[in-house]
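Participant: Everything below, folded, please.
(one chain, ligands or ions: 1)
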Amino acid sequence: MTYTRRMVNLKNVTSDGVGTAGLDWPNALEQHASRLEAARDAILQRHASGQDPYLGWIDLPDGEVLGEVQALAAQYAGEFDDLVVLGIGGSSLGGLTVLTALQHPYHNLMRERPALRVHFIDNVDGDVITGLLEVLDPARTLVNVISKSGTTTETMAAYLTCKAWLQQHVGEGYARQIIATTDPQKGILRPLAQREGYATLPVPPNVGGRFSVLSAVGLLPAALGGVDVEALLRGARRANEAFRAGAHDNAILQTALVNWLAGEAGRNILVFMPYSTRLRYLSDWFAQLWAESLGKHKPGGGHTGTTPVKAVGTTDQHSQVQLYREGPSDKLVVFVRVDAPDRDARIPNAEPNEPEMNYLADAPYGRLMNAELVATAHALAQAGQMNYTLSLERIDAEQLGHLLQFLMLQTAVVGELLGINAFDQPGVELGKVLTYALMGRPGFDQQREELRAAGVQVD
Ligand SMILES: O=P(O)(O)OC[C@H]1O[C@](O)(CO)[C@@H](O)[C@@H]1O
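Facilitator: Numbers count the residues shown, from 1 in each chain. Model (predicted):
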């Protein structure tokens, strides 16, 4: 994986494609190299101490849970057609990203499928949940309920629905068709799964949801969907190794710096825009990673965080790029480019009577896609709009694993530069608690009364 930067304008674009204006590159790197390395070292030291409650995700590429995941996947393969994944946020978006990127783009429509179809339920939309169950065969459907905390309302509601559906249709054997992925100790889901006799997988206590894609959370759905999970972890290990390089050879540190400086310079919006339909959910996964990690109260007062915007090229070129070029200079745009698509898909020879279309004749789709990316990056740079491009050679499990770990490490470094805890999410927890109060969950009477006192209708 490589990256290029194309900053505020084209004047200072160097021969290796590294744009420099605005950030005065490479002086900015010179100026901040030791600070970057210190941030990286602080993270690695906390991790090495074995005491840090949040940094377990750095170890996930070593694949401690891999054997267990593969054994479960092998046990179920062939016997089932569909897997329904129940989870939300970090308990859903990683698996969705990996499967959308790595399965056949129309895997679900294939007559002969090499692996299970995987469906993600990540909302309390009764039409969608019951609509899905209406068309699935209960005897050939597995359910993987995923919740780190083991309590999240949305996931518990979907679990109750799916369990009742399985019980109704397959009777006593339903427990064999449910796998619970959750914290080894905490929450409601773990004891419930033990009582019911479900197969279980762990979410390590020191791994937060948005950093859990390479734990059993992402690996089991990926493995059941036919993804080469070993290669995914191998790629992530390469990112871990690259993270140890000096700042001048370390794209993770350098992009963290660009992001941090962009925020400090008032560029409060971060547009994440892969040029690939297969990578469209990477934008969703990244948006959660970025927003929950970096949108925080500053220790000394004030706030941190740039607002992630999910986009996909070229599609959103035709809906958002007008704003990115001529709107306020308050954004950093991150493109993701794929050098070589899997298929040598070409546009057929054009219309013989339309010579103006001949430029498309026999053109590879990949070339057209990347021409659009480069054109957009240049157009933004010319208008003083900061952007850089991360490049994958191709979309395969190893490259994707590398990119996921790259982005998690980059986010951790930005958190360190900002002086915040990038691994908690207190702002989201309050919403969860107030939902419990509104829904009448026992133990939340005080919050219920507070809501009533604040004029919220609670009954
Ligand atoms: O895995 P859980 O505990 O159900 O949480 C799901 C998601 O909810 C959040 O806590 C935010 O509401 C995320 O951080 C997390 O990924």
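Participant: So is stretch 103-121 next to the ligand?
Facilitator: No. Stretch 103-121 lies out of reach of the ligand by C-beta under 6 Å from any ligand atom, never closer than 12.6 Å. Any C-beta I mention is one placed from the backbone N, CA and C, and that applies to glycine too.
Participant: List the buried residues of that stretch.
Facilitator: Gln103, His107, Arg113, Ala115, Leu116, Arg117, Val118, His119, Phe120, Ile121 (16 or more other C-beta atoms under 10 Å).
Participant: Glu292 versus the most centrally placed residue in the chain, what's the distance?
Facilitator: Residue closest to the mean C-alpha point of the chain, counted by C-alpha atoms, centre = their mean, is Trp285 at 2.3 Å. Distance, Trp285 to Glu292, by C-beta to C-beta, to the nearest Å: 11 Å.
Participant: and what of Ser391?
Facilitator: 26 Å.
Participant: Which residue of those two possesses the greater neighbour count?
Facilitator: Counted by other C-beta atoms under 10 Å, Ser391 and Glu292 do not tie: Glu292 has more neighbours, with 23 against 18.
Participant: Disregarding residues adjacent in the polypeptide, which is nearest to that one?
Facilitator: Sequence neighbours aside, Gln425 is the residue nearest to Glu292 in space, at 4.6 Å (criterion: C-beta to C-beta, 6 or more residues apart in numbering).
Participant: close to the ligand, is the strand or helix carrying Val84?
Facilitator: If you go by DSSP states H and E, Val84 is part of strand 82-86. No. On the criterion C-beta under 6 Å from any ligand atom, strand 82-86 is out of touch with the ligand, staying 9.5 Å away.
Participant: Any regions of the stretch 251-400 of the chain where pLDDT drops low?
Facilitator: Nowhere does the stretch 251-400 of the chain drop to pLDDT under 70.
Participant: you'd agree Trp290 is in a helix?
Facilitator: Yes. Assignment of Trp290 by DSSP: H, G, I helix; E, B strand; the rest coil places it within a helix.
Participant: Ignoring the adjacent residues along the chain, who's closest to it?
Facilitator: Leaving out its chain neighbours, the residue that sits closest to Trp290 by C-beta to C-beta, 6+ apart is Pro308, at 4.4 Å.
Participant: Next, the buried residues of the helix or strand where the one you found lies.
Facilitator: Secondary-structure assignment from DSSP H and E places Pro308 in strand 307-310. Neighbour counts over strand 307-310 (16+ other C-beta under 10 Å) mark Pro308, Val309, Lys310 as buried.
Participant: wait, doesn't the second one sit right on Ile269?
Facilitator: In other words, Val309. Yes. Using C-beta atoms under 8 Å, Val309 is in contact with Ile269, at 6.0 Å.
Participant: Double-check that Leu233 belongs to a helix.
Facilitator: Yes. Applying three-state DSSP, one finds Leu233 inside a helix.
Participant: Now do it against the ligand, distance only.
Facilitator: According to C-beta to the nearest ligand atom, to the nearest Å, Leu233 stands 20 Å off from the ligand.
Participant: Next, the contact list for the residue of the chain found nearest the ligand, please.
Facilitator: Among all residues of the chain, Gly209 sits closest to the ligand, at 2.5 Å; criterion: C-beta to the nearest ligand atom. Going by C-beta atoms under 8 Å, 6 or more residues apart in numbering, Gly209 touches Gly89, Gly90, Ser91, Lys148, Val203, Val217.
Participant: count of residues packed around the third one?
Facilitator: In terms of burial, Ser91 registers 30 neighbours under the definition other C-beta under 10 Å.
Participant: ok, and the closest non-adjacent residue to it?
Facilitator: Ile146 (4.2 Å).
Participant: what angle do the helix or strand that contains the one you found and strand 82-86 make?
Facilitator: Using DSSP H and E, Ile146 sits in strand 141-147. Strand 141-147 and strand 82-86 are oriented at 20 degrees to each other (axes from the mean of the first three to the mean of the last three C-alpha atoms, to 10 degrees).
Participant: Spell out which parts of the stretch 101-250 of the chain neighbour the ligand.
Facilitator: Ser147, Lys148, Ser149, Thr152, Thr155, Gly209, Arg210.
Participant: can I get those residues in CSV with pLDDT?
Facilitator: CSV is the format used below for those (pLDDT from 0 to 100):
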residue, pLDDT
Ser147, 98
Lys148, 96
Ser149, 94
Thr152, 93
Thr155, 97
Gly209, 97
Arg210, 98
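Participant: most neighbours, which of those residues?
Facilitator: Neighbour-wise, these (other C-beta under 10 Å) top out at Ser147, 30 neighbours.
Participant: And it, how far from Glu241?
Facilitator: Relative to Glu241, and taking C-beta to C-beta, Ser147 is found at 32 Å.
Participant: and Leu390, what element?
Facilitator: For Leu390, the host element (DSSP H and E) is strand 386-392.
Participant: which other helices and strands contact that strand?
Facilitator: Contact here means 3 or more C-beta pairs under 8 Å, 6 or more residues apart in numbering; DSSP states H and E; on that basis strand 386-392 packs against strand 2-6, helix 251-264, strand 331-338, helix 365-382, helix 397-418.
Participant: which outside residues touch the helix or strand encompassing Trp165?
Facilitator: Per DSSP H and E, Trp165 falls inside helix 153-170. For helix 153-170, contacts defined as C-beta under 8 Å, 6+ apart pick out 84, 86-88, 91, 121-124, 129-130, 133, 138-139, 141, 143, 145-147, 174, 177-178, 188-189, 432, 435-436, 439.
Participant: sorry, back to before: show me what the strand holding Leu390 pairs with in its sheet, parallel or antiparallel.
Facilitator: Strands adjacent to strand 386-392 in the sheet, as given by DSSP bridges, are strand 2-6 (antiparallel), strand 331-338 (parallel).
Participant: and the next helix or strand after the shortest one with helix 397-418, angle?
Facilitator: Going back to what we said before, that points to strand 2-6. Using DSSP H and E, the helix or strand that follows strand 2-6 in sequence is helix 27-48. Interaxial angle, helix 27-48 versus helix 397-418 (the same axes, to 10 degrees): 100 degrees.
Participant: Which positions in the helix or strand just after helix 27-48 come out as buried?
Facilitator: Scanning forward in sequence from helix 27-48 by DSSP H and E, the next helix or strand is helix 66-76. Buried residues in helix 66-76, defined by neighbour count with 16+ other C-beta under 10 Å: Leu66, Glu68, Val69, Gln70, Leu72, Ala73, Tyr76.
Participant: residues contacting the last one?
Facilitator: When the contact criterion is C-beta under 8 Å, 6+ apart, the partners of Tyr76 are Leu116, Leu142, Leu224.
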